[in-house]
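1. Dropping the sequence and predicted coords here.
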Amino acid sequence: MFLLSFRTGFIVLLTIIGILALLELASFFRRAALPMMGVIAVILSNIWALTRSSIYAFKPSEGLLTLDIFAWITVGIYLISGLYLLSKGPLKNTMALLMASIAWPAWSFGLMIMYITREGSHRYAFFVGILLLIWASDIAQYFSGRRWGKHALASTISPKKTVEGWVGGFVGILLISIVNSLWISPQQTFFQWLTIGVIVWIFGTVGDLYESVFKRSVGVKDSGNILPGHGGILDRFDSLIFAFPFIIVWLSVMKW
C-alpha cells in the first residue's frame, strides 16, 4: 500500500500485478490446450494494454487511444463476454475462453494506471476508496451469506454465493461510501461515492462470477498460489478488474 502512494511506484506495481494476472490466465490456457495462435493473440492484446497505458502515464500525447475511448471499448467487450459467460456457466467449448479474455484482465489494469495517474496527477486516495468498497462488499456478502443465505445467486457457477449475501453486500457499500466521503477522498460527495459503490457492488460480483467460469471451465480451484491462503492475483482482484472500466465510463458520463 505504501508503494501505491507514489505515482511511479503505482505505475510499476500495477504493471507487475497485471503481468502476474496475465501469467495466471496463460496457465488456464495451458490446461485447456487452446490453439497457440489464439493464445498468442490474447497475450499480445493484454501486453499492449499494459505497455500503452504505462507510456500514456508519462507521455499522454503518445497514447494511441484516449482514456475515455479505451474505457468504452473495454466496457463493451466486458459486457458482451460477461453476458455470454454468465449465461453459459462452465464452458465445454473452451475456445470461448480466448474470446472472453481478449481484454481481460490487463486492459483493466491499464485503465487503472491511465486514470489514477492522468495528466501528471496521482489519485491515490480515490483508488484506495475503491479498494475499500470492494473489500467491504466482499466481507459483508460473506457474513450475511453465512447467516441468512438460502437462495443461490448463480448455482452452476458459484454455489456458495447467495442472493441474501449479495444484498447484504450493499450494507458494506453504504458504510464505506460514508467513510470515503468524510475521510478517504472527500473530493467526492457521499452521493458520488454511493453511485460508484453500486457499480462496484453489481459489476464486482459479475467479475467474481466471470473468473469462476474460467476456473470451472479448466478445473482449478484457485487461479494461482502467489498469495498463500488467498489464491492467486485473479482471485484477489477479479472484482476490481471487471468493475473499474465501468467506474471510469460512469464518471465520464456524469462529468465528475
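-> That came through, no problem.
2. how about the nearest residue to residue 123, chain neighbours excluded?
-> Leaving out its chain neighbours, the residue that sits closest to residue 123 by CB to CB, 6 or more residues apart in numbering is residue 116, at 4.7 Å. Glycine gets a C-beta too; all of them are placed from N, C-alpha and C.
3. and the gap between the one you found and residue 248?
-> For residue 116, the distance to residue 248 equals 10 Å [CB to CB, to the nearest Å].
4. what does residue 239 give?
-> 15 Å.
5. okay, these two: which has more neighbours?
-> residue 239 (26 against 23; other CB atoms under 10 Å).
6. So for that one, what's the nearest residue that isn't a sequence neighbour?
-> Excluding its sequence neighbours, the residue lying closest to residue 239 (CB to CB, 6+ apart) is residue 204, at 3.4 Å.
7. Quick one: neighbours of residue 91, just the number.
-> 18.
8. Need the pLDDT of the closest residue to it other than its chain neighbours.
-> Spatially, and ignoring its direct neighbours in sequence, residue 91 is nearest to residue 217 (4.3 Å; CB to CB, 6+ apart). Per-residue pLDDT puts residue 217 at 92.
9. on that earlier part again, what about the residue nearest to residue 239, which helix or strand?
-> Element membership for residue 204 (DSSP states H and E) is helix 190-218.
10. Report the buried residues of the helix or strand that that helix is followed by.
-> Scanning forward in sequence from helix 190-218 by DSSP H and E, the next helix or strand is helix 233-254. Residues 233-251 are the ones in helix 233-254 that count as buried (16 or more other CB atoms under 10 Å).
11. Same check on stretch 165-184?
-> Within stretch 165-184, judged by 16+ other CB under 10 Å, the buried ones are 165-170, 172-174, 176-177, 179-181, 184.
12. Which one of the residues you listed is nearest to residue 120?
-> Nearest to residue 120 among those: residue 184, at 21.9 Å, using CB to CB.
13. How many neighbouring residues does the residue nearest to residue 91 have?
-> Residue 217: 22 neighbours (other CB under 10 Å).
14. so where's the longest strand in this structure?
-> Using DSSP state E to define each element, the chain has its longest strand at strand 158-162.
15. other SSEs contacting it?
-> helix 124-148, strand 152-154, helix 190-218 (3 or more CB pairs under 8 Å, 6 or more residues apart in numbering; DSSP states H and E).
16. for the next helix or strand along the chain from it, what is the average pLDDT?
-> Remark: after strand 158-162, the chain's next helix or strand is helix 163-179, criterion DSSP H and E. Averaging pLDDT along helix 163-179 gives 98.
17. Same check on stretch 105-113?
-> Throughout stretch 105-113, pLDDT has a mean value of 97.
18. picking up where we left off before, not counting the longest strand of the chain itself, show me its contacts.
-> Here strand 158-162 makes contact (CB atoms under 8 Å, 6 or more residues apart in numbering) with 141, 145, 148-154, 205, 208-209, 212.
19. just how off-centre is that strand within its chain?
-> 19 Å (CA atoms, centre = their mean, to the nearest Å).
20. Next, the angle from it to helix 163-179.
-> Note on geometry: by axes from the mean of the first three to the mean of the last three CA atoms, to 10 degrees, strand 158-162 and helix 163-179 are set 60 degrees apart in direction.
21. For strand 158-162, list every residue counted as buried.
-> Neighbour-count burial for strand 158-162 flags 158, 161, 162 (criterion: 16+ other CB under 10 Å).
22. related to what we said a few turns ago, now, which of the buried residues of stretch 165-184 sits nearest residue 10?
-> For these, the nearest to residue 10 is residue 184 (16.2 Å; CB to CB).
23. Nearest residue to that closest one in space, please, no chain neighbours.
-> Residue 184 sits nearest to residue 129 (CB to CB, 6+ apart), 4.6 Å away.
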